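Q: Quick one, fold the following:
(one chain, ligands or ions: 2)
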Amino acid sequence: MDSDNQFVAQEVNGGIRTIAETLERLIFSQKILGSLLGAGLVRPCHVFHVDLDEIEEVDHLVDVFRPAHRKHKRLAPVCHVIVCPDCTLLPRPPPLLTQSAEQSVTVSPTSPSKPTTQQPPVFCVELKPKQGFLSMGHQHCPFCLNQFLKRKHGKIQLLSQYCPLDLFSGSRMRMLKAIIALTRTPQNNLRIFQDGNLVFAEECQSNLMAVLQQWFQVDDTSDRTLLLKHFCTLVMDALTMEICDGTDASLDQTVDDVKEAKESQEDWNRLIKEERSDHSLPCLPPQARIRKTGPTIATSLPSRSVLCRLLRVQSLGDVDFGRLYDAYDALVCRFRDGSVPYETMRWTHPHTGTVDWLLSQEKTTNQTMDDVRLVQRYRISSTTRDCSIMIAFQRLANDSVKDTTEFSFAGSEHLPILRDLSGQRYKCHASVVDLDPKPVTCVEKHRRRNQAMNEAFWLSNSSSSHSLTNRLPPKV
Ligand SMILES: O=P(O)(O)O[C@@H]1[C@@H](OP(=O)(O)O)[C@H](OP(=O)(O)O)[C@H](O)[C@H](OP(=O)(O)O)[C@H]1OP(=O)(O)O
Ligand SMILES: Nc1ncnc2c1ncn2[C@@H]1O[C@H](COP(=O)(O)OP(=O)(O)OP(=O)(O)O)[C@@H](O)[C@H]1O
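A: Ligands and ions are numbered 1, 2, ... in the order given. Sure, this is the predicted structure:
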């Protein structure tokens with residue numbers, strides 16, 4: 001159930017989400033986030049009808065697979081579902097390439113083109129990178145702070161070695177460090193799939209080398225770190241490759257591309273040895289880039305890469321928390337006294353639900369509309385701070401290695417081709433998933449979570465001599 005229910009109770013029919021609400025979710029992910037991130041990263045989804053008892057049955061079937069801390073989760077009671085393509089696989093080739101125009105072609109979005117036995121396997125890396133920037137005036141990113149809260153609540157035993165600021169920094173060494181860290185402490189931030197099946201995750205960590213051996217087929221066993229190098233560099237290249245679909249809305253941000261030298265054996269030795277031992281130390285901010293107008297994004301990422309696109313949208317939530325909480329409190333009062341209809345917060349609203357209005361820097365003459373924009377931008381950012389990037393890779397047959405093209409045709413688009421360290425080529429495709437809208441009440445949820453994270457951090461590090469000047473969000 002949406003936790004905005006308190007504001008929309010009169011529209012909820014016995015607790016069942018309406019088709020209008022389902023369509024609103026689809027519009028949010030496809031239209032709004034599709035424009036902001038670039039349509040190429042958001043795979044097309046469709047709405048289908050289901051019966052409530054089917055939902056209950058699926059909910060029941062899924063329940064056995066949920067880990068203990070997610071057992072409270074339930075599928076919303078709905079009569080409509082959004083069906084997305086399976087992003088662990090590459091987009092299907094166009095039917096006309098394989099069938100004659102006269103034949104009827106059934107395209108079922110639920111049955112993507114699983115590779116046949118003759119084709120090399122498709123490996124997919126899922127990253128849940130979380131917030132890639134440091135909030136104003138903070139020394140620790142929310143991911144690293146949240147580790148202390150998660151440990152306190154027993155959700156994790158070990159603090160993660162990963163820091164999102166490394167991944168989003170655009171510095172090759174820091175990105176490699178982040179990816180290595182994810183292989184060591186994957187938590188829910190790294191998963192690997194082979195032909196759609198989960199083969200590496202927090203709960204199946206011991207598989208990593210066997211999976212990478214299948215993936216990269218390395219014969220040389222003298223270098224025990226070779227597989228890891230292949231994996232980390234290929235994933236990093238995919239995260240930083242330019243995705244040129246020409247459809248992304250301009251967020252008017254400038255990011256410098258930095259070309260760095262490839263890493264030496266000494267670099268790798270250092271990276272592999274490196275372990276994060278002191279989690280109380282501040283997170284390392286990326287090198288700042290200066291821009292003339294609007295917020296600065298501190299990164300050296302290529303501007304059209306999936307990571308940079310995500311960071312730009314995330315940065316819509318880089319706001320003064322005091323101002324955000326004031327705006328939220330004012331809006332809640334107005335929903336309750338009826339002076340502002342909750343409809344204003346709908347992603348289907350003809351004015352406030354448009355990308356142009358949401359991104360506009362122009363101050364309105366109406367404080368309420370400024371408040372609405374601030375909260376809506378924060379909600380958009382929240383979704384992109386919680387989504388996953390899925391990158392699917394498929395090895396190209398050796399006889400095509402000599403081919404010099406850098407794209408392969410699949411669906412209506414060209415798939416980029418990347419090379420691993422040995423020169424082997426892979427078709428690849430990146431998508432962003434889990435683009436559900438967050439409720440308006442996520443502002444309140446995050447206000448409390450921020451306070452709890454800070455408290456857990458202080459509790460854990462109270463005896464430390466480091467400078468622990470993380471600022472608590474004001475007015476909590
Ligand atoms: O608050 P965070 O950063 O811990 O994020 C929550 C996620 O926890 P994580 O830290 O990624 O393990 C959390 O992930 P898990 O369920 O723990 O895998 C959810 O994604 C949650 O979103 P929602 O409430 O289900 O819409 C996420 O809540 P929102 O922050 O998106 O509201
Ligand atoms: N389009 C997709 N293709 C392939 N895998 C996907 C896709 N969307 C989601 N997943 C997989 O399902 C996982 C959970 O997805 P998501 O976070 O959207 O579900 P959820 O709504 O959080 O689930 P819950 O019902 O537990 O709240 C993702 O981490 C990813 O592994």
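
Q: How confident is the prediction for the spatially closest residue to S135 that is not a sequence neighbour, by pLDDT?
A: Nearest residue to S135, sequence neighbours excluded (C-beta to C-beta, 6 or more residues apart in numbering): D318, at 6.4 Å. The C-beta positions use only the backbone N, C-alpha and C, and glycine is treated the same way. D318 is assigned 94 on the pLDDT scale.

Q: what sits against D318?
A: Listed by C-beta atoms under 8 Å, 6 or more residues apart in numbering, the contact partners of D318 are F133, S135, M136, P295, S381.

Q: touching ligand 2 at all, the helix or strand encompassing the last one?
A: In this structure, S381 sits in helix 367-384 according to DSSP states H and E. No: against ligand 2, helix 367-384 shows no contacts by C-beta under 6 Å from any ligand atom, the least distance being 10.7 Å.

Q: May I have the helix or strand that that helix is followed by exported as CSV, CA atoms only?
A: For helix 367-384, the following helix or strand on the C-terminal side (DSSP H and E) is strand 388-395. Coordinates of each C-alpha in strand 388-395 appear next as CSV, following Å, rounded to 0.1, in the frame of the first residue of the first chain:
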residue,chain,number,x,y,z
SER,A,388,19.5,-0.5,-9.9
ILE,A,389,21.6,-0.5,-13.1
MET,A,390,21.5,-3.7,-15.0
ILE,A,391,24.2,-4.3,-17.6
ALA,A,392,23.9,-7.4,-19.8
PHE,A,393,27.0,-8.7,-21.7
GLN,A,394,27.3,-11.3,-24.3
ARG,A,395,30.6,-12.5,-25.7
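
Q: Three-state assignment for H414, please.
A: At H414, secondary structure determined by DSSP: H, G, I helix; E, B strand; the rest coil is strand.

Q: who does it bridge with?
A: H414 has the following beta-bridge partners by DSSP bridges: F409.

Q: Could I get the average pLDDT for the helix or strand hosting V235?
A: Per DSSP H and E: V235 is located in helix 226-240. For helix 226-240, mean pLDDT is 96.

Q: I'd like to check the angle between that helix and strand 388-395, please.
A: Helix 226-240 runs at 120 degrees relative to strand 388-395, counting by axes from the mean of the first three to the mean of the last three C-alpha atoms, to 10 degrees.

Q: Which elements pack onto helix 226-240?
A: If you count contacts as 3 or more C-beta pairs under 8 Å, 6 or more residues apart in numbering; DSSP states H and E, helix 226-240 packs onto strand 122-127, helix 172-184, helix 208-216, helix 306-314, strand 388-395, strand 413-419, strand 425-433.

Q: Just give me the lowest mean pLDDT stretch among those.
A: In terms of average pLDDT, strand 413-419 trails the rest of the helices and strands packed on helix 226-240, at a mean of 85.

Q: so what does the helix holding S381 touch, helix or strand wise?
A: Contact partners of helix 367-384 among helices and strands, from 3+ C-beta pairs under 8 Å, 6+ apart: helix 33-37, helix 306-314, helix 321-337, helix 355-359, helix 442-461.

Q: nearest to H72, of the ones you listed?
A: helix 442-461 (14.9 Å; C-beta to C-beta).

Q: Buried residues in that closest one, which are they?
A: Residues of helix 442-461 classed as buried: C442, V443, H446, R447, N450, A452, M453, N454, A456, F457, S460, N461 (neighbour count, 16 or more other C-beta atoms under 10 Å).

Q: circling back: could you dump the helices and strands packed on helix 226-240 into JSON lines and include distance to W357 and mean neighbour count?
A: Output for those, formatted as JSON lines (distance: least, C-beta to C-beta, whole Å; neighbours: other C-beta atoms under 10 Å):
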{"stretch": "strand 122-127", "distance to W357": "31", "mean neighbour count": "25"}
{"stretch": "helix 172-184", "distance to W357": "35", "mean neighbour count": "21"}
{"stretch": "helix 208-216", "distance to W357": "45", "mean neighbour count": "17"}
{"stretch": "helix 306-314", "distance to W357": "16", "mean neighbour count": "25"}
{"stretch": "strand 388-395", "distance to W357": "27", "mean neighbour count": "22"}
{"stretch": "strand 413-419", "distance to W357": "29", "mean neighbour count": "17"}
{"stretch": "strand 425-433", "distance to W357": "23", "mean neighbour count": "23"}
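
Q: Need the ones you listed in CSV (columns: distance to R270).
A: As requested, the helices and strands packed on helix 226-240 are arranged in CSV below (distance: least, C-beta to C-beta, whole Å):
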stretch, distance to R270
strand 122-127, 23
helix 172-184, 9
helix 208-216, 21
helix 306-314, 23
strand 388-395, 26
strand 413-419, 24
strand 425-433, 27
